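> sequence unavailable; structure follows:
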DNA sequence: ATTCTGATTCTCT
DNA sequence: GAGAATCAGAATT
């Protein structure tokens, strides 16, 4: 069994954290069975000085985990049906995190396909934050899980070293504030990456 | 191929 | 009560 990240290795600014997460791996035993995912796309959310962050307007019950120690999983529910997951960074007491947006399933492809039928093909791409959580079996029960503890249901393992040129960046997806911050990062040579949709949608349901 | 819309419920104003 | 760090399927804007 491989060793997870140490908590202090993740106590960094979300922009650095995003960089660190690319190419690292998530091991999830949530639900039945195990799925391993190589992280290919993330977005940084800085908290205090980032208008698009859940923490921009202060601490609430929902965002509490983002203010806690680094290396925890911040899971939230959106659009009435989906879960999204972040890795918490910064130090205890200062909010900051990186949203996990996409990855490639390295092990547990059968289970992944069962959970998300669209996750198919040789690459087993899980593109989109809610597809990613679906494939890993992550839901609200995983909020606050310590990714640096080898006993946790979800762990985060360091990836191999890679050249800086392997990373690209661009605008975040789906946010309505700070739309021009190029705080989405992805692996240039991966096909498991969101296609940027300009502007995104403003509102969900309208009557 | 790209663009639009319905689904569905939680959180904060 | 509005809007949300979205997805999947249908329309073709």
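Perfect, I can see it now. All of these numbers come straight from a predicted model, not from anything done at the bench.

> shaky segments in chain A?
Scanning chain A for pLDDT under 70 picks out the ranges A:1, A:118-123, A:198-207.

> around DNA strand C, pick out the residues from chain A.
Of all the residues in chain A, those in contact range of DNA strand C (C-beta under 7 Å from any atom of the strand) are A:43, A:45, A:52-55, A:66, A:74, A:78-82, A:84, A:86, A:97, A:99, A:116, A:118, A:127-132, A:134, A:172-176, A:194, A:200-205. C-beta: built from backbone N, CA, C; applies to glycine.

> show me just the buried residues among those.
Burial by neighbour count, 16 or more other C-beta atoms under 10 Å: within the residues of chain A next to DNA strand C this picks out A:43, A:45, A:52-55, A:66, A:74, A:84, A:86, A:97, A:99, A:116, A:127-132, A:134, A:172-175, A:194.

> go through those residues and flag which are in helices.
Counting by DSSP state H, those place A:129-132, A:134 in helices.

> could you identify the most distant pair in these?
The largest separation in these, counting by C-beta to C-beta, is between A:129 and A:134 at 9.6 Å.

> okay, now residue A:23: neighbour count?
18 (other C-beta atoms under 10 Å).

> check contacts around it.
Residues near residue A:23 by C-beta atoms under 8 Å, 6 or more residues apart in numbering: A:38-39, A:159-160, A:162, A:166, A:187.

> top of the residues you listed by neighbour count?
For these, the largest number of neighbours (other C-beta under 10 Å) sits with residue A:39, at 28 neighbours.

> on that earlier part again, the residues of chain A next to DNA strand C in strands, which ones?
Members of the residues of chain A next to DNA strand C lying in strands (criterion: DSSP state E): A:43, A:45, A:74, A:78, A:82, A:84, A:86, A:97, A:99, A:127.

> and for the last one, nearest residue in space, chain neighbours not counted?
Right, residue A:127. Nearest non-adjacent residue to residue A:127, counting by C-beta to C-beta, 6 or more residues apart in numbering: residue A:102, 4.6 Å away.

> quick one: buried residues of the helix or strand where the one you found lies?
In this structure, residue A:102 sits in strand A:97-107 according to DSSP states H and E. For strand A:97-107, the neighbour count (16+ other C-beta under 10 Å) marks A:97-105 as buried.

> and what of stretch A:140-160?
For stretch A:140-160, a neighbour-count test (16+ other C-beta under 10 Å) marks A:142-143, A:145-148, A:152-158 as buried.

> going along the chain, name the helices of chain A.
For chain A, the helices defined by DSSP H occupy A:14-21, A:109-115, A:129-136.

> what helices or strands is the last one leaning on?
Just to be clear, that refers to helix A:129-136. Other elements packing on helix A:129-136 under the criterion 3 or more C-beta pairs under 8 Å, 6 or more residues apart in numbering; DSSP states H and E are strand A:35-45, strand A:82-88, strand A:97-107, helix A:109-115, strand A:125-127.

> from residue A:35, how far out is residue A:96?
Going from residue A:96 to residue A:35 by C-beta to C-beta, to the nearest Å gives 27 Å.

> re earlier: now, which of the contacts of residue A:23 lie within strands?
Among the contacts of residue A:23, the ones falling in strands (DSSP E) are A:38-39, A:187.

> and of these, the nearest to residue A:90?
residue A:39 (18.8 Å).
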